[in-house]
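> I'll drop the sequence and a predicted model, then ask my questions.
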Amino acid sequence: MSQFTSVHLPQSGPNDVTALLLEWSREAGHWVNRGEVIAVAETTKSVFDIEAPQAGYLYPLLESGQEVAVGRAIAAISSEPSTVAASQAWLAATAGPAPLSEPTPGRPQTATRKAELLAQRQGVDLGAVPTTGERISEADVLAYLAQQKKPPTQKTETVDIADLVDQRYPVNRIQRLLILGGGNGAVQILDLLAQGRRQRAVAVMDDNRALHGRQLAGVPVVGGIDSGQAAAMLASGEIDAAVISVSTSIAVRERLFKSWRAQGLPFANVIHPSAVLGMNVTMGTGNVVMAFCHFGACATVGDNNFLSAYCSIEHHSVLGSHCSFGPGVVTSSRVQIEDCVRFGTGIFVEPGVRIGAESVIASGLAITQPIPAQSTVKARVTYTIRKRG
């Protein structure tokens, strides 16, 4: 008979009472090891992994996309192969431990936790916010804020204007960017923006608390990566769009981009002025393009890619989304690169080659044949080093 262990939604922060269950990393019936990441959740302050408390067969009890109370059982791990139905029956029979936090007595549950936090920051009365569902959502509060927002005026000095230039003269205003991630990638983006005239960074978010309250080249680090705070900054006119500086983790780039865009937060393309875009090039949004990159005629580029310096996507090639390129990756014509591919440095791709999704291409390779999805391609390089003389 199977022995089950329940997996509960952890509390990632002292003020968190709910979290959004973003995705399951493993399917029902999949064997997982102790400490293996099985799911990803998001609060208003962070995105965090949920690990298996022990080894066994995983059976999720909830669908991804749900807002879940902290402490609620979200999955069961069985010592032997079983079913989701059996794990649900076991949980119902045992009742499971009580949630870590309960709703406040006497308070009607008319709004999600994210909506409450956003309303509190913006001084919004939730009773005045129209709802499109059973409860007021964060999107409802954002829509209400957008309706209440008044355009800047030049006719009176009694209006509360925080920025005497940007708010008074919004036409053709320099795009103000929020940078997500305060590491070396952020420094690269800040250097890129310093070369151009149409965009500037106004704030940085990073989950490393040691950076909070500090500055990067004069740009303040305003706190952790928080979509609620970003939405408030967008609604109040402090920022126009976001850009992700993380280049080393494709999973983080993809997760942030998809989650934030689903909440209506815009992303910007950040392109170094030395980059060359040929005729009829099409490009999505959220891309970071460093110095001396090249896009040939009729090339197609998706969303949220990070291209380091001296990369070339040649004519009639197709680049998917959420890919990361080290310096000096050069493609020939008609190359097709699917989503979530990570490239090292100094790589050449022959004409017409297709590279499958979620592949990793090591440095120093010449790719001459198709690469299946989820492949790792490495070079066998040996060196002879001897002392001179």
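The structure has been received and is ready for your questions.

> how far does stretch 127-143 sit from the chain's center?
24 Å (C-alpha atoms, centre = their mean, to the nearest Å).

> other residues contacting that stretch?
109-112, 114-115, 118-119, 122, 124, 126, 144, 228, 231, 235, 263-264 (C-beta atoms under 8 Å, 6 or more residues apart in numbering). Every residue, glycine included, has its C-beta placed from N, CA and C.

> give me the buried subset of the residues you listed.
111-112, 114-115, 118-119, 122, 124, 126, 144, 228, 231, 235, 263 (16 or more other C-beta atoms under 10 Å).

> show me the two of those that sit farthest apart.
For those, with distances taken as C-beta to C-beta, the pair at the greatest spread is 126 and 263 (18.1 Å).

> tell me the domain ranges of this structure?
Domain ranges of the chain: 4-94, 113-148, 175-262, 270-377, per automatic domain parsing.

> and the longest one, how far out from the chain's middle?
When distances are taken as C-alpha atoms, centre = their mean, domain 270-377 is centred 20 Å away from the chain's centroid.

> same check, this time on the second one
Centroid separation between domain 113-148 and its chain, computed with C-alpha atoms, centre = their mean, is 23 Å.

> just the ones of the contacts of stretch 127-143 in helices?
114-115, 118-119, 122, 144, 228, 231, 235 (DSSP state H).

> same list, these, but as JSON lines with distance to residue 185 and pLDDT please.
Putting the ones in helices among the contacts of stretch 127-143 into JSON lines (distance: C-beta to C-beta, whole Å; pLDDT from 0 to 100) gives the following:
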{"residue": "114", "distance to residue 185": "27", "pLDDT": "71"}
{"residue": "115", "distance to residue 185": "32", "pLDDT": "76"}
{"residue": "118", "distance to residue 185": "28", "pLDDT": "74"}
{"residue": "119", "distance to residue 185": "33", "pLDDT": "75"}
{"residue": "122", "distance to residue 185": "30", "pLDDT": "74"}
{"residue": "144", "distance to residue 185": "35", "pLDDT": "81"}
{"residue": "228", "distance to residue 185": "23", "pLDDT": "92"}
{"residue": "231", "distance to residue 185": "23", "pLDDT": "93"}
{"residue": "235", "distance to residue 185": "27", "pLDDT": "90"}
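
> quick one: which of those is nearest residue 56?
residue 114 (32.6 Å).

> which residues touch the nearest residue to residue 125 once chain neighbours are set aside?
Distances taken as C-beta to C-beta, 6 or more residues apart in numbering place residue 119 nearest to residue 125, at 7.6 Å, with adjacent residues excluded. By C-beta under 8 Å, 6+ apart, residue 119 lies in contact with 111, 125-126, 129, 141.
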